[in-house]
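Trainee: give me the fold of what follows.
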Amino acid sequence: MDPDARLLKTAKGEEEIKRRTHGLPKDERLALILVDGRSTAQEVMRKAAGAPNLKAALVRLAEQGFIQVIESKAAGGYGDIKQSMIAIAREVFGDNAGKVVAKIEAATESREGLAEGVVAARKIAQLLIDEGKARDFATRCQALLDAN
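Mentor: Prediction:
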């Protein structure tokens, strides 16, 4: 895992924090708790200094869909954030993500442009899909923007 990769909990990861349904081992649960959407993999490992196998735990969490890489600080840019928002839309809305994804894809690659795209996408999702999912989508996308 790229040490400069910024990490974000997925909906599955958020659910695991709340309900402990997957029975994660201690090292994976600790790693999941420390993933905040702002910290890089290296920063998460630093926060858990002394915890064994944390890097491997982060890799396993990503492979199992509990966390996702939202960008690499080395790469940077709003294009990475846009792609992460599209991934969130597909995860949250599944087969119904098409119109939401189109709104994000149409947004300009700037903080303001993506914020406007999220608002437009949320409105579409509230009207056509589900208010709760629309709220979850918008909250997660806002966390991406706030992390930058």
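
Trainee: for residue 27, see how far away the residue of the chain most remote from its centre is.
Mentor: Centroid-distance maximum for the chain: residue 50 at 26.0 Å, with CA atoms, centre = their mean. Noted for residue 50: a distance of 11 Å to residue 27, by CB to CB, to the nearest Å. Using the backbone N, CA and C atoms, a C-beta is placed for each residue, glycine as well.

Trainee: where in this structure is the helix or strand with the lowest mean pLDDT?
Mentor: Taking mean pLDDT, DSSP states H and E as the measure, the chain has strand 67-72 as its least confident helix or strand, at a mean of 77.

Trainee: rewinding a little: sec struct for the residue farthest from the centre of the chain, please.
Mentor: State at residue 50, reduced to three classes by DSSP: H, G, I helix; E, B strand; the rest coil: coil.

Trainee: before we move on, back to that, now the common contact residues for residue 50 and residue 27.
Mentor: Residues touching both residue 50 and residue 27 (CB atoms under 8 Å, 6 or more residues apart in numbering): none.

Trainee: now do the buried residues in the longest helix seen in the chain.
Mentor: Secondary structure of the chain per DSSP state H: the longest helix is helix 111-128. Residues of helix 111-128 classed as buried by neighbour count (16 or more other CB atoms under 10 Å): 114, 117, 118, 120, 121, 122, 124, 125, 126.

Trainee: one more: stretch 140-148?
Mentor: 140, 141, 143, 144.

Trainee: what residues are up against the last one?
Mentor: This means residue 144. By CB under 8 Å, 6+ apart, the contact set of residue 144 is 8, 37, 70, 81, 84, 85, 88.

Trainee: try 6 Å
Mentor: 70, 81, 84 (CB atoms under 6 Å, 6 or more residues apart in numbering).

Trainee: quick check: angle from the helix or strand where it lies to helix 111-128?
Mentor: Element membership of residue 144, judged by DSSP states H and E, is helix 131-146. With axes from the mean of the first three to the mean of the last three CA atoms, to 10 degrees applied, the angle from helix 131-146 to helix 111-128 works out at 170 degrees.
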